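S.K.: With the sequence up front, the predicted model follows.
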2 protein chains.
Amino acid sequence: MNSIAKIIGKIQKEMLITTMENLLTYLHGLEKLYGLDRNGSKLELIKEIYSTMAEFKKVEKPDLPPDVVKVGYKTSYSKRIDYADVYLFSIVSGDWNPIHHDEEFASKTRFKKRVVHGMLTLSLISNALALIPGAVVLVKQSVEYVKPVYIGDTVTAEAEIVEELPKGRYRVKVECKNQNEETVAKGECIILIWKVEKRNNK
Amino acid sequence: MNSIAKIIGKIQKEMLITTMENLLTYLHGLEKLYGLDRNGSKLELIKEIYSTMAEFKKVEKPDLPPDVVKVGYKTSYSKRIDYADVYLFSIVSGDWNPIHHDEEFASKTRFKKRVVHGMLTLSLISNALALIPGAVVLVKQSVEYVKPVYIGDTVTAEAEIVEELPKGRYRVKVECKNQNEETVAKGECIILIWKVEKRNNK
């Protein structure tokens, strides 16, 4: 019985995907007609779908002049990492390592459960750095992964300016902690800060 | 005229998003009924939508025993980085730095155009490493960003084992090049390789 129900479910799911594709084609036509940004709407749809599974966050960058950036200046960014994040990161990176996706495979490793890509955890540092005033460009990074991050963990990425270097560069101490205040990754980055005219309020 | 068309387009787009949401609610109900993996289907939909805008790639990991891994062993992974990748990476990382999204803002910087997140470029290395036989775990990484990567560039990430370390660890030289064979990022990683029973063919 259950398997028949599954087959029916699968057929209906496939119908739904077809409907989705038709809708996308329709959207495509509409946008062409009205000169809208086609991919823009598709990306909005992705954001909508993602938001039903995981935590969508867009933190406003503080509107401060770059000259507040001095040794001791700190930023932080916190986010729960859900399976949807792992899946999206796999789409982008191409990294479908089963240690992140396959429960059974992961259970045979020392981690026992599926873990988050190290570089996904690190990506939260990308945002902690981006929250520093000015146009921030990453120049160098050196990071050590200390503990595994499991799906569902909330990671806080912290960045602190520790040294001012020549030519608008800064040495930044970075660290990621989980919800139990355990360090999961740590290291340092060199960033470059460009002073740019007031940014758009996007 | 154009603005009226845009308003009509906007209304139709909003209707479409509502339709999408209704479809998702319907899918939700269906899956509950048939015991399907709810989020699994939503992630498939995201993959479908993404595939209409960018290059979806899933490279099969070669089914080789971990003992082929020796000094000189190389892997590589190549992918065109589209705006959809930048957008998905922003969803995951929370990094909505306008240098990646806002043409006007980017035009005022020395890059002149929107650039790809450094850590997104780096994520392709995550996959080059994952393609090494065995269960690969990233322990440490040290990377320098040499040149900007622009949206639409094709990046090739290369990894080469350069030293065997104690306790199943390896030093790996990593490098990312663009379509003009220019190095955009380079550095090294330390990885740990676990021997795991034959992985699922997923």
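M.R.: Great, that's in hand.

S.K.: Does A:K58 touch B:D95 like I think?
M.R.: No - taking contact to mean CB atoms under 8 Å, the distance of 9.9 Å between A:K58 and B:D95 leaves them out of contact. Placement of C-beta: from N, CA and C, glycine included.

S.K.: the more surrounded of those two?
M.R.: The neighbour count for A:K58 versus B:D95, taken as other CB atoms under 10 Å in any protein chain shown, is higher for B:D95 (28 against 13).

S.K.: Need the residues touching each of A:K58 and B:D95.
M.R.: With contacts taken as CB atoms under 8 Å, 6 or more residues apart in numbering or on different chains, A:K58 and B:D95 have no neighbour in common.

S.K.: in chain A, which spans are helices?
M.R.: Assigned by DSSP state H, chain A shows helices spanning A:2-34, A:38-51, A:83-93, A:98-101, A:103-107, A:118-130.

S.K.: hey, least reliable of those helices by pLDDT?
M.R.: Lowest mean pLDDT within these: helix A:2-34, a mean of 64.

S.K.: A:K47 is in contact with B:L88, isn't it?
M.R.: No - applying CB under 8 Å as the test, A:K47 and B:L88 come out as separate, 9.5 Å apart.

S.K.: Compare neighbour counts for those two and give me the winner.
M.R.: Just comparing A:K47 and B:L88: by other CB under 10 Å the higher neighbour count belongs to B:L88, 27 against 16.

S.K.: Surely the more buried one and A:D85 touch.
M.R.: No - look at B:L88 against A:D85 with CB under 8 Å: they stay out of range, at 9.8 Å.

S.K.: Any idea how many residues pack against A:K173?
M.R.: 15.

S.K.: can you check A:I4 too?
M.R.: As a burial measure, the neighbour count of A:I4 was computed by other CB under 10 Å and equals 9.

S.K.: which residues sit in contact with it?
M.R.: With contacts defined as CB under 8 Å, 6+ apart, A:I4 is in contact with no residue.

S.K.: Relative to A:F56, how far out is it?
M.R.: Using CB to CB, to the nearest Å, A:I4 is found at 37 Å from A:F56.

S.K.: Over to A:K140?
M.R.: With distances defined as CB to CB, the gap from A:K140 to A:F56 amounts to 30 Å.

S.K.: average model confidence for stretch A:174-183?
M.R.: Computed over stretch A:174-183, the average pLDDT equals 98.

S.K.: mind checking the end-to-end distance for that stretch?
M.R.: From the first residue to the last, stretch A:174-183 extends over 11 Å; the measure is CA to CA, to the nearest Å.
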